[in-house]
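Please find the sequence and the predicted model below.
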Amino acid sequence: MLLVLKRDPQQDLAVRRLLDDQQDKNSPNYHKWLTPAQFGAQFGAADQDIQLIAGWLQNHGFQVNRVSNGRSIIEFSGFESQVEQAFHTQIHRYALPNGELHWANASDPQIPAALAAAVKGVWSLHDFKKKSDLVVDGAHLASPGTSPQFTSSTGKHALMPGDFATIYNLNPLYAQGINGQGTTIAIVGRTDFDQSNVYNFWSQAGFSQFINVILNGPDPGILSQGEEFEANLDVTWSGSVARGANLKFVTSSSTNTTDGVDLSELYIVDNNVGDVMTESFGLCEAFFNSAEAQAISALAEQAAAEGITYMVSTGDNGAEGCSDPNSSSANQAPPGVNMLASTPFTVAVGGTMFNEGNNNSTYWNSANGPGGMTAKSYIPENVWNESCPSCGLWAGSGGASGVFSKPNWQFGVSGIPNDGARDLPDVSLAAAGRHDPYLLCFASQCFYGVGGTSASAPSFAGIMALIVQQYGRQGAVSYILYRLATSETLSQCNASKTTALPSSACIFNDVTSGNNAVPGELNYGTAAANTKREWATTSQQVSDQ
């Protein structure tokens, strides 16, 4: 279990001031990143508070395993009866309508008044896990050695690494040796996976990479095909974009009360594992209590202070983050965004969908090039929305956070509402799994098609690794991304325009067409549906930064 410690108000202000200064070229703290121990010494709990809290836990029979280097988390373990007695709550077994069985606390845990000034609460006391943000299109499957183009009468194509590099203009960077060399991408996981599938894919794409798996605690094994598929995707595509980067996949076994995803996040940040961090899991804000929200936000702040740029996928169900994407309608739950992506200290990565129209030959070659590449150029992009009542809520997730207020760097950009809330996403890449999916190898077969923001987030992590190679660690890079966006002449950077491609001088391509309305929402399927704007990134941000 993870006990969340509080900062005092002065420490909170000091952290925010430091993060601002680290992105201000006129500040003596510009790009002066902290180690986890330095962060803990400046902004963590005091020794006397930690000793008092640890003593209280031990007096209730718990084993104190460790204090995080950032001094914001105490990891402890114990029995159900000890939890119930110490935190004045009951742990029950719950049966869901779909037949799933879960452990969970029946009421919020209570913290003794003597510790309330230093303890926020428990990160979680249940085994409800975050969901992966991917959609698999099983129709896109071929045997090894066959064409990965997957052209069909419906105009479907599929992305090999060479296609992605062509569409998002990475090839000029590769030609200069900018491929992520010397950087490290840390990937959040909670399962094992068959690495041979990833190596097989890279080989067929025409390059080689190396995977370093870090086991944090007991070996979780391969939890399921779906979990393994997510791990495979995250590693495959972060490494496909940043072909020279070090890849560190951190996996942690879930416990009865703590998601392995949370444990892997904590390990990566508290051990400063990577320059870039990517995560493709999520759960809507309504499912988190205030202690969990603070823990997630504080960990992202620590990552930023260390110079880690932290990517999180926004999800695959439009603004209905509390609904199952496989549902036929979103009216089962209130709107909501992914808590893990909504903190202002992560880069929320959304999804777009290519719009070739009836001009496939304009954008795709009829025969494969090296590594299966068939794309010719950038392809116009709309908001990703493949939802329908019979096929689910599959659309690019985004909207306004109900927990976090709008950060200062999100003001003053055209298209962002003056709503006072943190708005998602920050950037977007292709994510339409049924239209032009990403490819990978799985279960000793090549190739499967996959989409969702689970594909766009690790791909953007790869782009960030190219930036880090050139300019060093970036930390909370949204400060810079939004500053770059305000400098654009958006009329020249219309990503959705089909008569001409955006100017080559564009840093971002502005997605102006489409919406992320899903079945069950007001005006779904009409021009009056709520719309949102997304930023489709290009590699120009690397060279223009």
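That came in fine, so what should we check first? Numbering: from 1, shown residues only.

give me the beta-bridge partners of Ile74?
Listed by DSSP bridges, the beta-bridge partners for Ile74 are Leu3, Val67.

how near is it to Asn359?
To Asn359, Ile74 is 59 Å away according to Cβ to Cβ, to the nearest Å. Quick note: C-beta positions are derived from backbone N, CA and C, even for glycine.

Can you tell me the SS state at the nearest residue to Met373 once chain neighbours are set aside?
Of all residues not flanking Met373 in the chain, Gly162 sits nearest, at 3.0 Å (Cβ to Cβ, 6 or more residues apart in numbering). Under the three-state scheme (DSSP: H, G, I helix; E, B strand; the rest coil), the conformation of Gly162 reads as helix.

What is the neighbour count of Gly162?
The burial metric for Gly162, expressed as a neighbour count using other Cβ atoms under 10 Å, is 23.

check contacts around it.
Taking Cβ atoms under 8 Å, 6 or more residues apart in numbering as the criterion, Gly162 is in contact with 205-206, 369-373, 375.

So for it, what pLDDT did the model give?
Listed pLDDT for Gly162 reads 94.

so the residue sitting nearest the centre point of the chain, which of the three states?
For the chain, the residue nearest the mean C-alpha position is Val312 (1.5 Å; Cα atoms, centre = their mean). Three states are possible here, and by three-state DSSP the one that applies to Val312 is strand.

Show me the beta-bridge partners of it.
The residues that Val312 bridges to, once DSSP bridges is applied, are Glu279, Ala348.

Quick check: Asp259 vs Pro325, distance?
Distance of Asp259 to Pro325, computed by Cβ to Cβ: 19 Å.

That should have said Ser456, apologies.
Separation of Ser456 from Pro325 (Cβ to Cβ) stands at 15 Å.

Same check on Thr362?
The value you get for Thr362 to Pro325, if Cβ to Cβ is used, is 31 Å.

Which one's more surrounded, the two?
In this comparison of Thr362 against Pro325, neighbours counted by other Cβ under 10 Å, the higher total goes to Pro325 at 24 against 13.

Surely that one and Asn338 touch.
No - checked against Cβ atoms under 8 Å, the pair Pro325 and Asn338 is beyond contact range at 12.0 Å.

Overlap of the contact sets of the two?
By Cβ under 8 Å, 6+ apart, Pro325 and Asn338 have these common neighbours: Gly315.

what about stretch 396-411, start to end distance?
The straight-line separation of the ends of stretch 396-411 (Cα to Cα, to the nearest Å) is 22 Å.

buried set for it?
396-404, 406-407, 409-410 (16 or more other Cβ atoms under 10 Å).

Convert the C-alpha atoms of stretch 54-71 to PDB, please.
The C-alpha trace of stretch 54-71 is given here as PDB (Å, rounded to 0.1, in the frame of the first residue of the first chain):
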ATOM      1  CA  ALA A  54       6.200   5.300  10.300                       C
ATOM      2  CA  GLY A  55       5.900   4.800  14.100                       C
ATOM      3  CA  TRP A  56       2.100   5.000  13.900                       C
ATOM      4  CA  LEU A  57       2.000   2.400  11.100                       C
ATOM      5  CA  GLN A  58       4.300   0.100  13.000                       C
ATOM      6  CA  ASN A  59       2.200   0.400  16.100                       C
ATOM      7  CA  HIS A  60      -0.800  -0.800  14.100                       C
ATOM      8  CA  GLY A  61       1.200  -3.900  13.000                       C
ATOM      9  CA  PHE A  62       2.100  -2.700   9.500                       C
ATOM     10  CA  GLN A  63       5.500  -3.300   7.900                       C
ATOM     11  CA  VAL A  64       7.100  -0.100   6.600                       C
ATOM     12  CA  ASN A  65       8.900  -1.100   3.400                       C
ATOM     13  CA  ARG A  66      10.400   2.200   2.300                       C
ATOM     14  CA  VAL A  67      10.000   5.900   2.000                       C
ATOM     15  CA  SER A  68      10.200   7.300  -1.600                       C
ATOM     16  CA  ASN A  69      13.200   9.300  -2.600                       C
ATOM     17  CA  GLY A  70      10.900  12.200  -3.200                       C
ATOM     18  CA  ARG A  71       9.700  11.800   0.400                       C
END
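
Quick check: mean pLDDT of that stretch?
Averaging pLDDT along stretch 54-71 yields 96.

Could you check how far that stretch is from the centre of its chain?
Remark: stretch 54-71 is offset 30 Å from the chain centroid, using Cα atoms, centre = their mean, to the nearest Å.

low-confidence ranges in the stretch 151-300 of the chain?
Counting by pLDDT under 70, the stretch 151-300 of the chain has low-confidence residues at 151-155.
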